[in-house]
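A.B. asks: take this sequence and fold it.
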Amino acid sequence: MTKVTTNRKRRAVHAVRGELRAVLLFVAIVWVVFAVSQFVPSLRAWGVIPRSSRGLIGILTMTFLHANWQHIASNTIPLLILLALLVGSKISSWKIVVSIILVGGCLLWGVGMQGNHIGASLLIYGLIAFLISSGLFFEKRPIPLVIAISVGCLYGFPLLTGVLPRISNPEHLSWDGHLCGAIAGVVVAYFLERRNVGRLSKQKIPAK
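C.D. replies: Okay, here's the model as predicted:
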């Protein structure tokens, strides 16, 4: 019994290490795309353009596109931290990432303000909202709860201020992209937890 438990722990550790390497690779790809865009500026035109047929492609590409060095630098650290927390606490971490990108991107395409929306901030706000809502309201387990509180302390205030509409927006911040990402994070957390509860209930053995 002890040997089986030890083997499971080792497999879990190896899985987390593998996903952490994947996080570094993901962020590295973001930087490679940014470096290429310095020589091919037209790449930055492939963001989410709401209610435009061309803008549909941006649902998949906007996360990897950034306007300038300040833009990508401000996104890199929170992206690394949030992805690391996600893969360290969730089995289906990359399904969560893809779901947030797709749900948030579709929302932004459908209801976002006109313009070319690029950057990883939609995913970042989605991860913040996912980790907080999942730990506080849906899972209610010790580790996700601690992560939710930690993320709330780190990014709770930026989450609240980042989704508010801006009358004057000199920095061209996509507050609507932030809002769509946050909504996507909560939606994904809700449906993921509901699916997990349903799966666990089916696995229960009825009492005889």
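
A.B. asks: what's the neighbour count on Cys32?
C.D. replies: I think there's a mix-up here, since residue 32 is Val and not Cys. 11 (other C-beta atoms under 10 Å). C-beta coordinates here come from the backbone N, C-alpha and C atoms, glycine included.

A.B. asks: give the next helix or strand downstream of the lowest-mean-pLDDT helix or strand in the chain.
C.D. replies: The helix or strand of the chain with the poorest confidence is helix 2-39; it has a mean of 77 (mean pLDDT, DSSP states H and E). Next in sequence after helix 2-39, counting helices and strands by DSSP states H and E, comes helix 58-61.

A.B. asks: contact partners for the closest residue to Val151 other than its chain neighbours?
C.D. replies: Leaving aside its sequence neighbours, Val151 sits nearest to Leu131 (C-beta to C-beta, 6 or more residues apart in numbering; 4.6 Å). By C-beta atoms under 8 Å, 6 or more residues apart in numbering, the contact list for Leu131 reads Leu82, Leu85, Leu86, Ser89, Pro144, Ile147, Ala148, Val151, Gly185.

A.B. asks: could those residues go into JSON lines alongside secondary structure, pLDDT and neighbour count?
C.D. replies: Below are the contacts of Leu131 laid out as JSON lines (DSSP: H, G, I helix; E, B strand; the rest coil; pLDDT from 0 to 100; neighbours: other C-beta atoms under 10 Å):
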{"residue": "Leu82", "secondary structure": "helix", "pLDDT": "96", "neighbour count": "24"}
{"residue": "Leu85", "secondary structure": "helix", "pLDDT": "93", "neighbour count": "19"}
{"residue": "Leu86", "secondary structure": "helix", "pLDDT": "93", "neighbour count": "23"}
{"residue": "Ser89", "secondary structure": "helix", "pLDDT": "78", "neighbour count": "19"}
{"residue": "Pro144", "secondary structure": "helix", "pLDDT": "86", "neighbour count": "21"}
{"residue": "Ile147", "secondary structure": "helix", "pLDDT": "91", "neighbour count": "23"}
{"residue": "Ala148", "secondary structure": "helix", "pLDDT": "91", "neighbour count": "25"}
{"residue": "Val151", "secondary structure": "helix", "pLDDT": "95", "neighbour count": "25"}
{"residue": "Gly185", "secondary structure": "helix", "pLDDT": "96", "neighbour count": "29"}
